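Student: Next come a sequence and a model predicted from it.
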Amino acid sequence: MDKKKLVILAVLLLFLVVLVIIYLNLGGTVKPWPTQFISSSQDESESEKQNESTTIILFFPSEHDSLLHREEREIIPESSLALHAKRIISELLNGSQRGFLSPIPPETRLRELYITKEGVAYVDFSREIMDKHLSGSSAEMSTIYSVVNSLSYNIKPIKKVFILIDGGEKKTLGGHIDLTSPFQPIYDIVAK
Amino acid sequence: MSSDAGSIPAASIIEIDDRDKLYKLRRGIPKLTLAFSVIFLFLSISSAPQSQPILKISAQDYEKYSRVTIQSDLPLSSSVEQSDTFVFVKIRANTPFRIQRESFRSRFIKSVGWSRGSGSYTLIINMEHENFSCNSFKVQNPPSLIIEIHPNRGQDPPINETNRNRTNPQTVDPECIVIDPGHGGLEAGAKGKFGTLEKDITLAIGMKLAEIVRQTRASNVVLTRDRDVDLSLEDRSAIANNNKATVFISVHVNGSYRKGAAGPETYFLSKDATDEESRRLAFMENNSEEMENNIQAEDEDLIKMILWDMAQTAYLKQSSQLAEAIQSELNLLWGTRNRGIKQAPFKVLTGVACPAVLVEVAFLSNPQEERKLLTEEYQRKIAQAVYDGLAKFLRDNSR
């Protein structure tokens, strides 16, 4: 009897070992979940810690060099990614609190902002961003990348940013940088 | 109550009834477990090769050439050699690959095989004829190596090394320099403190640059505009492509929120090139039939547009060299140091099918530079500096 029990035990143990092997084996091949747009889960975790402020980082041009500079700001997180993104843009539109330059004409309003499953944020500005824009390649670059970097840096599911003006696609802000393709963030142009 | 009765362990009932049966049953459990574990073990082993990176080999014929694609999960490090009717593609591999070959039919390729060496795989492409040239390039997402093999027809001499040095005087187009003075018409561009408009400065410098090129070289010079007119960004690149431009230079004057911003900057296109390239390939692969046979008239424009849209990605390396050459001359002129070339997604550059740069000659938002830009003398100096850079680039690339 005891011998039989031992046999059973041994077999069960073997089974366990096999299971562990399978697990490890699969563990090696199974890819981690794709970092998809996970708005619902994110929303929950955000609503849990409501009223708890979070730090966002905005990117502004500076008078001293041609780089973008980080500016930290405490905000109460919004209930959804799109609202959070809108909040980041409105903070950017309000301008710097540390004396950096404003990259967007002050008359500009954010009309709409939505984020697709693929992680493309569509940011729709009122036409002042174009009409009142200070023309020039450098000015256009700092406007575009302060928006693109600020959104992508703070909201990880955002991979690319598409800038719309007055509800539609425009070619450029002032004849230079191409607005017909979405932008990926560039962190080379950020001050260390 | 009945559920209680049902919950009595079956084994205890059996134990009372028939010990022999129980014995058999107990013997049966390990057997069953063993069988399951063997199955699981087998499954786990059979699932193991999935962790092995795959090398997917496919080939496809196009009208005038064949393309062999080697696709993998891992970045590929490779070399391509050709001899007789063979193309040898050596792929370095630290881990063993699982090779997947797709069946294909080709007019140019006789067979595709592979052999495994130590730390490498060699793909052997056997061609029908030995008279061919091949080139290879890599794309990302997924990492792929693409080998294009062009059979040379008729009297073409066999080409051993590369077909790049083929200098057939009859087919060489005359050198054509396309100069694009930025903005124009209603679109004034940057504005200076003293009211200077970018469109006027770019025209003045562009015209002077064209003049210098005409006087110094026996080449065609095309100005995208020689007056104060509106001209779309697409039309500017179309002018370059229609004239089979050797080089495209767009002249601009910079503007910044920073009053202190100063100095020249030369840009070439930044695009997510790998992204674009794979998009282009995907497009070509999906549409190869239509593209080479009869294209519907209404689709033709769309296809052309998509292809032109990405034209510049093929010239990024040369464009960076041109930018480098021009920037160093401008640095000398302005006394700016360590000012490197820059990349940005300029709309006007995306569709240009030749080396192309955008020169921001100085900052109009800087009053000191604005004053200089207004003088004929500085305009001429800037044009000369841009020309010197261009000439150096053309010298380096004529070999």
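Tutor: In hand now; what should we look at? Numbers count the residues shown, from 1 in each chain, chains lettered A, B, ... in the order given.

Student: Could you tell me which ranges of chain A sit under the pLDDT cut-off?
Tutor: Counting by pLDDT under 70, the ranges of chain A that qualify are A:1, A:23-51.

Student: could you redo the last one with a cut-off of 50?
Tutor: Applying pLDDT under 50 to chain A picks out residues A:27-44, A:46-47.

Student: Whatever residue of it ends up closest to chain B: what's it in contact with?
Tutor: The nearest approach of chain A to chain B comes at A:G136, 2.0 Å away (CB to the nearest CB). In this view, the C-beta of every residue, glycine as well, is placed from N, C-alpha and C. If you count contacts by CB atoms under 8 Å, 6 or more residues apart in numbering or on different chains, A:G136 has them with A:174, A:176, B:189-190, B:198, B:253-256, B:363-365.

Student: Please name the spatially closest residue to it (chain neighbours excluded).
Tutor: Of all residues not flanking A:G136 in the chain, B:G255 sits nearest, at 2.0 Å (CB to CB, 6 or more residues apart in numbering or on different chains).

Student: can you give me phi and psi for B:S256?
Tutor: The phi/psi pair for B:S256 (degrees, to the nearest 10) reads phi -140, psi 160.

Student: tell me the domain ranges of chain B?
Tutor: What the record gives for chain B is the domain set B:55-151, B:176-275+B:304-398, from automatic domain parsing.

Student: Among the contacts of A:G136, which one lies nearest to B:K381?
Tutor: Of all the contacts of A:G136, B:K381 sits closest to B:V253, with 14.5 Å by CB to CB.

Student: Counting neighbours, what do you get for the residue nearest to A:G136?
Tutor: Using other CB atoms under 10 Å in any protein chain shown, B:G255 has 27 other residues around it.

Student: could you list every residue that touches it?
Tutor: Counting by CB under 8 Å, 6+ apart, the residues that B:G255 touches are A:134-139, B:189-191, B:198, B:363-365.

Student: Likewise for A:G175?
Tutor: A:G175 touches A:135, B:182-183, B:187, B:189, B:233, B:347, counting by CB under 8 Å, 6+ apart.

Student: Now rank those by neighbours and give me the top one.
Tutor: Going by other CB under 10 Å, B:G182 tops the contacts of A:G175 with 31 neighbours.

Student: Next up, phi/psi of B:R337, please.
Tutor: B:R337 adopts backbone torsions of phi -110, psi 150, taken as degrees, to the nearest 10.

Student: residues in contact with it?
Tutor: Contacts of B:R337 by CB under 8 Å, 6+ apart are B:N331.

Student: still on that earlier bit, which of the domains of chain B has the highest mean neighbour count?
Tutor: Mean neighbour count (mean count of other CB atoms under 10 Å in any protein chain shown) peaks for domain B:176-275+B:304-398 among the domains of chain B, with a mean of 20.

Student: mean confidence for it?
Tutor: Domain B:176-275+B:304-398 carries an average pLDDT of 91.

Student: ok, now stretch B:76-84?
Tutor: For stretch B:76-84, mean pLDDT rounds to 81.

Student: chain center to that stretch: distance?
Tutor: Mean-position distance between stretch B:76-84 and its chain equals 20 Å (CA atoms, centre = their mean, to the nearest Å).

Student: For chain A, just list every one of the strands.
Tutor: A:54-61, A:68-75, A:110-115, A:120-125, A:160-165 (DSSP state E).

Student: Can you give the strand pairings for the fourth one, parallel or anti for each?
Tutor: So the one you mean is strand A:120-125. Sheet pairing for strand A:120-125, assigned by DSSP bridges, gives strand A:110-115 (antiparallel), strand A:160-165 (parallel).

Student: hmm, back to that, I'd like the contacts of B:G255 laid out as TSV, including distance to A:P61.
Tutor: Output for the contacts of B:G255, formatted as TSV (distance: CB to CB, whole Å):
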residue	distance to A:P61
A:L134	11
A:S135	15
A:G136	12
A:S137	13
A:S138	9
A:A139	9
B:G189	19
B:A190	16
B:K191	19
B:E198	20
B:F363	14
B:L364	17
B:S365	12
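
Student: Can you list which of the residues you listed are found in helices?
Tutor: Using DSSP state H, the members of the contacts of B:G255 that fall within helices are A:137-139, B:198.

Student: Next, give me the two most distant ones among these.
Tutor: A:S138 and B:E198 (12.3 Å).

Student: per the record, what domains does chain A have?
Tutor: A:1-31, A:39-165.

Student: Now render those domains as a markdown table, adding distance to B:A385.
Tutor: Shown next, in a markdown table, are these (distance: least, CB to CB, whole Å):
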| stretch | distance to B:A385 |
| --- | --- |
| domain A:1-31 | 53 |
| domain A:39-165 | 19 |
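
Student: Could you identify which of those is most buried?
Tutor: For these, the highest mean count by mean count of other CB under 10 Å goes to domain A:39-165, at a mean of 18.

Student: residue in the stretch 251-399 of chain B nearest to chain A?
Tutor: B:G255 (2.0 Å).

Student: Can you pull the phi and psi angles for that residue?
Tutor: With angles defined as degrees, to the nearest 10, B:G255 sits at phi -140, psi 140.

Student: Could you do B:E360 as well?
Tutor: Dihedral angles for B:E360 - degrees, to the nearest 10 - are phi -100, psi 100.

Student: Quick check, it in contact with B:A262.
Tutor: No. If you go by CB atoms under 8 Å, B:E360 and B:A262 don't touch, sitting 11.1 Å apart.

Student: so where do the helices sit in the stretch 201-350 of chain B?
Tutor: Using DSSP state H, counting those that start in this stretch, the helices of the stretch 201-350 of chain B run over residues B:233-242, B:273-292, B:297-309, B:316-334, B:347-350.

Student: With chain A instead?
Tutor: With helices called from DSSP H, chain A shows them at A:2-29, A:39-48, A:81-94, A:128-131, A:137-154.

Student: Export these as a markdown table, with columns for distance to A:R111.
Tutor: A markdown table is the format used below for the helices of chain A (distance: least, CB to CB, whole Å):
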| stretch | distance to A:R111 |
| --- | --- |
| helix A:2-29 | 46 |
| helix A:39-48 | 21 |
| helix A:81-94 | 10 |
| helix A:128-131 | 10 |
| helix A:137-154 | 14 |
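
Student: Any idea which of those helices gets closest to B:P142?
Tutor: Nearest of these to B:P142, taken as CB to CB: helix A:2-29 at 16.8 Å.

Student: I'd like to know which elements that closest one is packed against.
Tutor: helix B:19-47 (3 or more CB pairs under 8 Å, 6 or more residues apart in numbering or on different chains; DSSP states H and E).

Student: Direction included, what does whichever helix or strand comes after the helix it packs on pair up with?
Tutor: As assigned by DSSP states H and E, the chain's next helix or strand after helix B:19-47 is strand B:54-61. Strand B:54-61 has these partner strands in its sheet, going by DSSP bridges: strand B:66-72 (antiparallel), strand B:98-101 (parallel).

Student: can you list contacts of strand B:54-61?
Tutor: Strand B:54-61 is contacted from outside by B:66-73, B:91, B:97-102, B:104-109, B:112, B:114, B:121, B:123, B:125, B:285, B:288, using CB under 8 Å, 6+ apart.

Student: Report the contact partners of B:L76.
Tutor: By CB under 8 Å, 6+ apart, the contact set of B:L76 is B:70, B:91, B:138, B:143-145.
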